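Visitor: sequence first, predicted coordinates after that:
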Amino acid sequence: MPLLALTRPSETVWQISLNSPPDNRLTPPLLAELAEALDIVELEWRNAGGGVQDPKKRSTYKNKGAGALVLTSGCERFFSNGLDYVGSLKVDNFFQAFAGGMVIALACDYRIMASGKGWMCMSEVTFGAPLPNSFGAFLPALIPNPQHLRDTMLARRWTQPELLEIGLIDEIVKPEEVLKRAIEVGEREGPKVAPGSWGLIKEDLRKPIIVASHEPAGPRRLDSGQIFFDRIAKDRKKLEAKAKL
């Protein structure tokens, strides 16, 4: 059974709905389907004139290369409840690629959130999960305020009004209006990305994140405690004696 659905609610807007009940946990199969769906969207967009830099040539296409993607959830109450941490430990190098639900949301250009009791949270610290390399570059770029970043990494549950105040979401609308509003924003902004320059701009802005995502996870991901004890091995007895004082 597919873990997401790819549709096209309008001629210039694509929609990917995560649909892995009960809460869209980010497993390797779901992420693989998401990556494939993103490639399909880009292929269809380019076939419709997207990325054609010559405005005269681009004008020959029906919608002149306009396009936007809405990423949403088919599961009630959850966009994504984040990483399937226990399952991910069985996958080699998974930490180089996994993404939490909040990070996927922050990767979008616009974020529209339903009103009610919803919140965003980075909960890795609560269950002992380290961050993948890309997160270490991504989160400070998206959350530049030191206090906000600290609180986020310490698993603060940000409410909608708080997220709006600190600039992590753009709008709060009634739950039944989220998709409609997202499509409206997509149709409004879609023509701006037609020449393809927005993608190149984002690639330049996110270059440190892209580079970090391709770096090996490193031994600290495996056993930071053992690395510490190896480092202090020759002085351990002396340190333990002092620690007892």
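Guide: Yes, it's here.
Visitor: just checking, what packs against the lengthiest helix in the chain?
Guide: Scanning the chain for the longest helix, with DSSP state H as the assignment, gives helix 28-47. The elements that helix 28-47 packs onto, with contact taken as 3 or more CB pairs under 8 Å, 6 or more residues apart in numbering; DSSP states H and E, are strand 4-10, strand 13-18. C-beta coordinates here come from the backbone N, C-alpha and C atoms, glycine included.
Visitor: tell me the mean pLDDT for the helix or strand that that helix is followed by?
Guide: Next in sequence after helix 28-47, counting helices and strands by DSSP states H and E, comes helix 55-58. For helix 55-58, mean pLDDT rounds to 97.
Visitor: just the strands from this protein, written as ranges.
Guide: 4-10, 13-18, 68-73, 112-114, 119-120, 158-159, 171-173 (DSSP state E).
Visitor: any chance of the ones you listed in a markdown table with mean neighbour count as columns?
Guide: Shown next, in a markdown table, are the strands of the chain (neighbours: other CB atoms under 10 Å):
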| stretch | mean neighbour count |
| --- | --- |
| strand 4-10 | 15 |
| strand 13-18 | 21 |
| strand 68-73 | 20 |
| strand 112-114 | 20 |
| strand 119-120 | 18 |
| strand 158-159 | 18 |
| strand 171-173 | 16 |
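Visitor: can you tell me which of the ones you listed the model trusts least?
Guide: Per-stretch mean pLDDT for the strands of the chain is lowest at strand 119-120 (a mean of 90).
Visitor: and it, what does it pack against?
Guide: strand 158-159, helix 160-165.
Visitor: still on that earlier bit, in the longest helix of the chain, what's buried?
Guide: The neighbour-count check on helix 28-47 (16 or more other CB atoms under 10 Å) flags 30, 31, 33, 34, 37, 41, 42, 45 as buried.
Visitor: what of stretch 172-186?
Guide: 172, 173, 178, 179, 181, 182, 183, 185, 186.
Visitor: how many degrees apart are the longest helix of the chain and strand 68-73 in direction?
Guide: Direction vectors for helix 28-47 and strand 68-73, defined by axes from the mean of the first three to the mean of the last three CA atoms, to 10 degrees, enclose an angle of 160 degrees.
Visitor: next, count neighbours for residue 55.
Guide: 11 (other CB atoms under 10 Å).
Visitor: next one: it from residue 66, what distance?
Guide: Distance from residue 55 to residue 66, counting by CB to CB, to the nearest Å: 13 Å.
Visitor: got it, and residue 193?
Guide: 7 Å.
Visitor: which neighbours do those two have in common?
Guide: Shared contacts of residue 193 and residue 66, defined by CB atoms under 8 Å, 6 or more residues apart in numbering, are found at residue 50.
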